[in-house]
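Participant: coordinates only, sequence not included:
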């Protein structure tokens with residue numbers, strides 16, 4: 001356990017630019033652009049626009065008192081949504097980290113140093129899996145929470161200056177405190193759905209000698225294109241049809257897009273994702289999300305991801321050429 005802890009620290013130290021500085025830079029941009037722009041607009045125009053219940057945009061100067069409670073409920077349950085760009089950075093960072101995780105150490109020959117230490121290939125690869133699937137999402141959640149709180153405070157203070165004090169109603173709303181817990185509740189689900197992608201990328205990283213990105217992305221896409229071409233020929237001459245759509249959605253999309261947060265919502269009926277009028281319904285989203293685990297395809301894909309991780313461990317034992 002102590003060895004694993006130090007291996008994870010090593011990964012974070014070597015890639016802190018990707019896992020720490022990149023999301024911090026995006027968070028700073030959000031605060032400057034959204035928070036600063038909001039305060040500037042309020043100071044220069046004296047108007048703060050808000051939309052509640054799908055009604056037209058209204059200014060804060062004419063904000064009806066009866067809408068204060070509804071606005072506070074929206075702010076308390078939805079303030080984390082403003083940091084959505086942070087969760088678009090996460091899949092990009094993890095994708096390229098996994099691609100380089102095992103390939104780069106063979107390319108620069110650092111693998112010879114690490115293999116001289118009493119550290120097994122299993123521990124090394126699993127430490128990279130833990131960083132990609134656990135540490136990176138948790139860091140993003142923590143930075144997103146801090147950023148959203150800063151933006152929420154700026155918004156509440158600005159609205160109070162204009163005569164609409166929503167601070168007390170927001171702080172009294174239980175969703176203000178539960179929203180971070182709801183967000184953390186998605187992390188185990190993210191791990192399951194991301195396993196196939198992480199496994200595939202590490203497997204490619206463990207055996208590809210060069211052009212790792214082309215191998216990782218090109219093989220599934222070329223396979224899909226060939227299957228579609230073969231399906232066209234078979235259908236033209238025999239009238240039969242292969243399930244190309246299934247291969248694209250359940251294989252290609254899963255091994256290339258599994259790192260995207262919320263990919264599981266593609267398995268949920270669109271009407272069921274409609275949020276309540278008082279903001280984002282966290283319990284409903286969690287219930288719908290975990291309902292996707294009833295599908296055997298999720299567990300089969302996760303098992304395939306584990307098998308590919310095992311394959312990456314085995315390959316690392318002997319494939320140490322540059």
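Facilitator: Right, received. Where do you want to start? Keep in mind it's a predicted model, so treat the numbers as computed, not measured.

Participant: doesn't residue 300 make contact with residue 195?
Facilitator: No: between residue 195 and residue 300 there is no contact under Cβ atoms under 8 Å: 10.9 Å. Any C-beta I mention is one placed from the backbone N, CA and C, and that applies to glycine too.

Participant: element containing the closest residue to residue 167 other than its chain neighbours?
Facilitator: Distances taken as Cβ to Cβ, 6 or more residues apart in numbering place residue 156 nearest to residue 167, at 5.0 Å, with adjacent residues excluded. Per DSSP states H and E: residue 156 is located in helix 136-161.

Participant: swap in residue 245?
Facilitator: According to DSSP H and E, residue 245 maps onto helix 244-247.

Participant: just checking, what packs against the helix or strand that that helix is followed by?
Facilitator: Once the chain leaves helix 244-247, the next helix or strand it forms, by DSSP H and E, is helix 253-257. Where contact means 3 or more Cβ pairs under 8 Å, 6 or more residues apart in numbering; DSSP states H and E, helix 253-257 is packed against helix 187-207, helix 212-238.

Participant: turn the ones you listed into a markdown table, columns for mean pLDDT.
Facilitator: Formatted as a markdown table, these follow (pLDDT from 0 to 100):
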| stretch | mean pLDDT |
| --- | --- |
| helix 187-207 | 94 |
| helix 212-238 | 85 |
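
Participant: circling back to that earlier point, residue contacts, the residue nearest to residue 167?
Facilitator: Taking Cβ atoms under 8 Å, 6 or more residues apart in numbering, we find residue 156 in contact with 75, 166-167, 170.

Participant: one more pass at 7 Å, please.
Facilitator: The neighbours of residue 156, taking Cβ atoms under 7 Å, 6 or more residues apart in numbering as the test, are 166-167, 170.

Participant: export those residues to JSON lines and tack on distance to residue 96?
Facilitator: Output for the contacts of residue 156, formatted as JSON lines (distance: Cβ to Cβ, whole Å):
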{"residue": "166", "distance to residue 96": "41"}
{"residue": "167", "distance to residue 96": "41"}
{"residue": "170", "distance to residue 96": "38"}
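
Participant: and those, which is closest to residue 19?
Facilitator: Among the contacts of residue 156, residue 170 lies closest to residue 19 (Cβ to Cβ), at 31.0 Å.

Participant: so the residue most central in space within the chain: helix, strand or coil?
Facilitator: Closest to where the C-alpha atoms of the chain average out (Cα atoms, centre = their mean) is residue 261, at 3.4 Å. Using DSSP: H, G, I helix; E, B strand; the rest coil as the criterion, the local structure at residue 261 reads coil.

Participant: residues contacting it?
Facilitator: Taking Cβ under 7 Å, 6+ apart, we find residue 261 in contact with 87, 90, 190.

Participant: and the gap between the first one and residue 291?
Facilitator: If I follow you right, that is residue 87. Separation of residue 87 from residue 291 (Cβ to Cβ, to the nearest Å) stands at 21 Å.

Participant: so between the two, which is more surrounded?
Facilitator: Counted by other Cβ atoms under 10 Å, residue 87 and residue 291 do not tie: residue 87 has more neighbours, with 21 against 13.

Participant: that one contacts residue 140, correct?
Facilitator: Yes: contact status for residue 87 versus residue 140: in contact at 6.3 Å, counting by Cβ atoms under 7 Å.

Participant: tell me how many other residues crowd residue 227.
Facilitator: 17.

Participant: revised request: answer the last question for residue 180.
Facilitator: 17.

Participant: got the contact list for it?
Facilitator: Counting by Cβ under 7 Å, 6+ apart, residue 180 touches residue 145.

Participant: which element is it on?
Facilitator: helix 174-185.

Participant: tell me the buried residues in that helix?
Facilitator: Neighbour-count burial for helix 174-185 flags 175-176, 179-180, 182-183, 185 (criterion: 16 or more other Cβ atoms under 10 Å).

Participant: any chance of these in TSV, with distance to residue 213 and pLDDT too?
Facilitator: Output for the buried residues of helix 174-185, formatted as TSV (distance: Cβ to Cβ, whole Å; pLDDT from 0 to 100):
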residue	distance to residue 213	pLDDT
175	41	88
176	42	90
179	36	91
180	35	93
182	35	92
183	31	93
185	33	93
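
Participant: list just the nearest of those to residue 314.
Facilitator: Using Cβ to Cβ, residue 185 is the member of the buried residues of helix 174-185 that lies nearest residue 314, at 34.2 Å.
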